[in-house]
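[1] mind looking at a prediction? Sequence and model below.
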Amino acid sequence: MHLLLLYGDFLYFPEDKKAYIPAAVELILLFVLCFAVFFLVKKISKIQEMKTKELEKRMLRERKQNKDTIIKE
């Protein structure tokens, strides 16, 4: 019971509700920033995926060409 009273000082609910405005603006700004970073990472990941697929296709083509040249020799 005493622990609840000890930590109760950290809770503060102001009488003037205008004090919530800066916190709300910051929260909205951080959410927008999080979504922007998420979509940026997603876009970069998609670009890297396409490059990796192209590299894989090129490697498979070269491997096939090497096998064909070895067989011909």
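    Looks like it came in fine. Fair warning: this is a prediction, and the values are worked out from it, not measured in the lab.

[2] Lys67: neighbour count?
    10 (other C-beta atoms under 10 Å). For the C-beta atoms, the positions are set from N, CA and C on the backbone; glycine is no exception.

[3] for the one helix or strand it maps to, what is the distance to the chain centroid?
    Using DSSP states H and E, the element containing Lys67 is helix 20-72. Mean-position distance between helix 20-72 and its chain equals 11 Å (C-alpha atoms, centre = their mean, to the nearest Å).

[4] just checking, what packs against that helix?
    Here helix 20-72 touches no other helix or strand, going by 3 or more C-beta pairs under 8 Å, 6 or more residues apart in numbering; DSSP states H and E.

[5] any idea how far Leu29 is from Tyr20?
    Distance of Tyr20 to Leu29, given as C-beta to C-beta, to the nearest Å: 15 Å.

[6] one more: Val41?
    According to C-beta to C-beta, Val41 stands 19 Å off from Leu29.

[7] can you pull out the low-pLDDT segments for this protein?
    Scanning the chain for pLDDT under 70 picks out 1-10, 72-73.

[8] mind redoing it with 50?
    1 (pLDDT under 50).

[9] got a list of contacts for stretch 21-33?
    The contact list for stretch 21-33 (C-beta atoms under 8 Å, 6 or more residues apart in numbering) is empty.

[10] please renumber so the chain begins at 48
    Renumbered: residue one is now 48, and that last one reads stretch 68-80.

[11] CA atoms only: put that stretch into CSV for me.
    C-alpha atoms of stretch 68-80 as CSV (Å, rounded to 0.1, in the frame of the first residue of the first chain):
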residue,chain,number,x,y,z
ILE,A,68,-1.6,20.5,-26.4
PRO,A,69,2.2,20.4,-26.6
ALA,A,70,2.2,16.7,-25.7
ALA,A,71,-0.5,15.9,-28.3
VAL,A,72,1.4,17.8,-31.0
GLU,A,73,4.6,15.9,-30.2
LEU,A,74,2.8,12.6,-30.2
ILE,A,75,1.2,13.3,-33.6
LEU,A,76,4.6,14.5,-35.0
LEU,A,77,6.3,11.3,-33.7
PHE,A,78,3.6,9.1,-35.2
VAL,A,79,4.0,10.8,-38.6
LEU,A,80,7.7,10.5,-38.4
